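Participant: need the 3D shape of this:
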Amino acid sequence: MNNSVKKKKIAILGSTGSIGCQALEVVHEHPEKFEVAVLTAHSNADLLIKQAIDFKPNTVVIVDETQYEKVNDALWKHDIKTYAGDESLCQVVEMDEVDLVLTALVGYAGLKPTLAAIKAKKPIALANKETLVVAGELVSKLANENNVPLLPVDSEHSALFQCMVGEFHNPIEKIYLTASGGPFRGMKKSELEKVTVQQALKHPNWEMGAKITIDSASLMNKGLEVIEAKWLFDLKNEQIDVIVHPQSIIHSVVQFEDGSMKAQMGLPDMKLPIQYAMAYPNRLANSFPRFNFLDYPQLSFEKADEDTFLNLALSYRALELGGTAACALNAANEITNLAFRKSKIGFLKIGEINQEVMEHCTFVKEPKLNDYIACDSEARAMAEELVLKNA
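Facilitator: Sure, this is the predicted structure:
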């Protein structure tokens, strides 16, 4: 078959989440370009079954083993193979028919399958920022050794990547990650003491899953993106800045050593960076809404408030420390984010507990994979204990 018309076969890890569902919308819009080879979900069996019947992948994985029988019973007659459990995620990404792995899993769960895909020399469309936050040095080194591209799906990192295309030989002076500021922009600590989960889940510009929406409200999401940017683009800590841009039209900015700046702009729509990563190096026509300058007569910018939103400051501190510091911060945050969503702790406690865990968790300066695994486990246990104390 002529390569120009060969469909790219995609494995979507986390197909029932927000990014996974939007990736399938991109596939649906471009059936001549993409084909689904693998779909995986943690426990949303009903949606996984529906997606599999609609897109006819070769294989599906339901991580929750109690749901295996239900999924298998529904799909065997469609000639779709069904597997269950964490280890299956690592195995399916190695399949010969997979051309690209989109990692849209939430949190630390994305690390092992991403490492497996890199070792299998599969290009990665990376929507799981925690993989680089937890073990950035390990992941980026392995990707370089295997000559595997890490194509960013986060809107900010996609923006930076798009600005760098054609400029890879030109040194970068600085990057600016833009942040909407979330639903609590401008509020002080005294006001944040009483905010509710419902308020935190109302993001002003983006439609996202619950975990990332809370991370956005606490600026943890931006902190994770700072760490991710360091490893994706091989930057020094002082080259990474955050600027609050409430309209979310400029998705990020690259400043080159001559002072010139490139920005990528567009309406806040995750399907655009998803499609860019899936189709790279090509841009595909689409029916997404278009930006109109006259609808946005003013674009504004503010300094990020690291004193009030502690998580952003903690992320820079984790970069300074290196080693397992960011792994501990991420693990603590996965626990505190969920605890807040379950109304077990107040909003400000997210950052306070994260800080305590990062400061007291066992620190390894030059970690191997087992050190990251041990750090993640220890930090979660510590955070759980602190959640109980503060409940």
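
Participant: summarise which helices and strands the longest helix anywhere in the chain is packed against.
Facilitator: Assignment by DSSP state H gives helix 369-390 as the longest helix of the chain. Where contact means 3 or more CB pairs under 8 Å, 6 or more residues apart in numbering; DSSP states H and E, helix 369-390 is packed against helix 130-145, helix 325-341, helix 347-360. C-beta coordinates here come from the backbone N, C-alpha and C atoms, glycine included.

Participant: contact partners for Lys194?
Facilitator: Gly346 (CB atoms under 8 Å, 6 or more residues apart in numbering).

Participant: now the longest helix of the chain, how far from the centre of its chain.
Facilitator: 21 Å (CA atoms, centre = their mean, to the nearest Å).

Participant: ok, now stretch 380-391?
Facilitator: 25 Å.

Participant: show me which positions of that stretch end up buried.
Facilitator: Buried residues in stretch 380-391, counting neighbours by 16 or more other CB atoms under 10 Å, are found at Arg380, Met382, Ala383, Glu384, Leu386, Val387.

Participant: what sits up against that stretch?
Facilitator: Outside stretch 380-391, the residues touching it (CB under 8 Å, 6+ apart) are 331-332, 334-336, 339, 344-345, 349, 353-354, 356-357, 360-361.

Participant: now the buried members of the residues you listed.
Facilitator: By 16+ other CB under 10 Å, the contacts of stretch 380-391 give Ala331, Ala332, Glu334, Ile335, Thr336, Ala339, Ile345, Lys349, Ile353, Asn354, Val357, Cys361 as buried.

Participant: where does the protein have low pLDDT?
Facilitator: Applying pLDDT under 70 to the chain flags the ranges 1-5.

Participant: can you give me the strands in it?
Facilitator: 8-13, 34-41, 59-62, 81-84, 100-103, 124-126, 150-152, 172-179, 240-244, 250-256, 261-265, 302-303 (DSSP state E).

Participant: looking at those, which is closest to Glu320?
Facilitator: With CB to CB as the measure, strand 240-244 is the member of the strands of the chain nearest Glu320 (11.9 Å).

Participant: tell me the gap between that closest one and the middle of its chain.
Facilitator: Worked out by CA atoms, centre = their mean, strand 240-244 lies 18 Å from the chain centre.

Participant: ok, now stretch 63-72?
Facilitator: With CA atoms, centre = their mean, you get 26 Å for stretch 63-72.

Participant: check stretch 45-57 too.
Facilitator: That offset, for stretch 45-57, works out to 23 Å (CA atoms, centre = their mean).

Participant: CA-only coordinates of it in CSV, if you can.
Facilitator: Extracted in CSV, the C-alpha atoms of stretch 45-57 (Å, rounded to 0.1, in the frame of the first residue of the first chain):
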residue,chain,number,x,y,z
ALA,A,45,-16.9,-0.9,31.0
ASP,A,46,-20.1,0.4,29.4
LEU,A,47,-18.4,3.3,27.5
LEU,A,48,-15.5,1.0,26.5
ILE,A,49,-17.9,-1.5,25.0
LYS,A,50,-19.7,1.2,23.1
GLN,A,51,-16.4,2.7,21.8
ALA,A,52,-15.2,-0.7,20.8
ILE,A,53,-18.3,-1.6,18.8
ASP,A,54,-18.2,1.9,17.1
PHE,A,55,-14.4,1.8,16.2
LYS,A,56,-13.7,-1.9,16.0
PRO,A,57,-10.2,-2.1,17.5
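
Participant: domain ranges for this structure, per the record?
Facilitator: Listed domain ranges for the chain are 3-152, 162-268+292-308, 322-391 (source: automatic domain parsing).

Participant: in a markdown table: those domains, plus distance to Met278.
Facilitator: Shown next, in a markdown table, are those (distance: least, CB to CB, whole Å):
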| stretch | distance to Met278 |
| --- | --- |
| domain 3-152 | 6 |
| domain 162-268+292-308 | 14 |
| domain 322-391 | 26 |
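
Participant: nearest to Ser315, of those domains?
Facilitator: domain 162-268+292-308 (2.8 Å).

Participant: count of neighbours near Trp206?
Facilitator: With neighbours defined by other CB atoms under 10 Å, the count for Trp206 comes to 17.

Participant: confirm for me that it is in contact with Gly182.
Facilitator: No. If you go by CB atoms under 8 Å, Trp206 and Gly182 don't touch, sitting 9.5 Å apart.

Participant: residues in contact with both of these two, list them for me.
Facilitator: Ser216.

Participant: quick one: closest of the domains of the chain to Ala285.
Facilitator: domain 3-152 (9.0 Å).

Participant: okay, the strands of the chain in CSV with mean neighbour count next?
Facilitator: Below are the strands of the chain laid out as CSV (neighbours: other CB atoms under 10 Å):
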stretch, mean neighbour count
strand 8-13, 25
strand 34-41, 25
strand 59-62, 27
strand 81-84, 18
strand 100-103, 27
strand 124-126, 27
strand 150-152, 24
strand 172-179, 21
strand 240-244, 19
strand 250-256, 21
strand 261-265, 17
strand 302-303, 11
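
Participant: just to revisit the earlier point, so which of the buried ones among the contacts of stretch 380-391 is the closest to Gln239?
Facilitator: The closest of these, once distances to Gln239 are taken by CB to CB, is Asn354, at 24.2 Å.

Participant: wait, what's in contact with Val101?
Facilitator: Contacts of Val101 by CB under 8 Å, 6+ apart are Ile10, Ala11, Leu13, Val93, Pro113, Thr114, Ala117, Lys122, Pro123, Ile124, Ala125.

Participant: fine, thanks again, bye for now.
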